[in-house]
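Enquirer: I would like the atomic coordinates for the input below:
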Amino acid sequence: MLLMFLYRFILFIIYLFFILCLYFLHFLYFILSCILFYFISAYFWFYYVL
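Expert: Now for the predicted structure:
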């Protein structure tokens, strides 16, 4: 009984950790794409203006 509970608890923690990692990766990807978009737009703006 206790072993089964422990097993489910560990599985739940691993699942939660996996979801958190996925969310963190998506957040990082979003930040990187925003920075990249900003640099590209700034580069084009400077290229066409100057």
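Enquirer: secondary structure element for the residue nearest the centre of the chain?
Expert: For the chain, the residue nearest the mean C-alpha position is L25 (2.0 Å; CA atoms, centre = their mean). If you go by DSSP states H and E, L25 is part of helix 2-49.
Enquirer: picking that back up, separation between the residue nearest to the centre of the chain and S33?
Expert: Separation of L25 from S33 (CB to CB, to the nearest Å) stands at 12 Å. For glycine as for every other residue, the C-beta is placed from the backbone atoms N, C-alpha and C.
Enquirer: and if you look at Y23?
Expert: 16 Å.
Enquirer: also F44?
Expert: 16 Å.
Enquirer: and the pLDDT for L28?
Expert: Listed pLDDT for L28 reads 92.
Enquirer: cool, and L32?
Expert: At L32, pLDDT is 93.
Enquirer: how many neighbours does it have?
Expert: Other residues near L32 come to 10 when the count uses other CB atoms under 10 Å.
Enquirer: could you do F27 as well?
Expert: 10.
Enquirer: swap in I14?
Expert: 10.
Enquirer: residues contacting it?
Expert: Residues near I14 by CB atoms under 8 Å, 6 or more residues apart in numbering: none.
Enquirer: any idea how far Y48 is from it?
Expert: 51 Å.
Enquirer: now do I13
Expert: Distance from I13 to Y48, by CB to CB: 52 Å.
Enquirer: with M4 instead?
Expert: Distance from M4 to Y48, by CB to CB: 66 Å.
Enquirer: do L6 as well
Expert: Distance from L6 to Y48, by CB to CB: 63 Å.
Enquirer: in terms of pLDDT, where does I19 sit?
Expert: Reported pLDDT for I19: 94.
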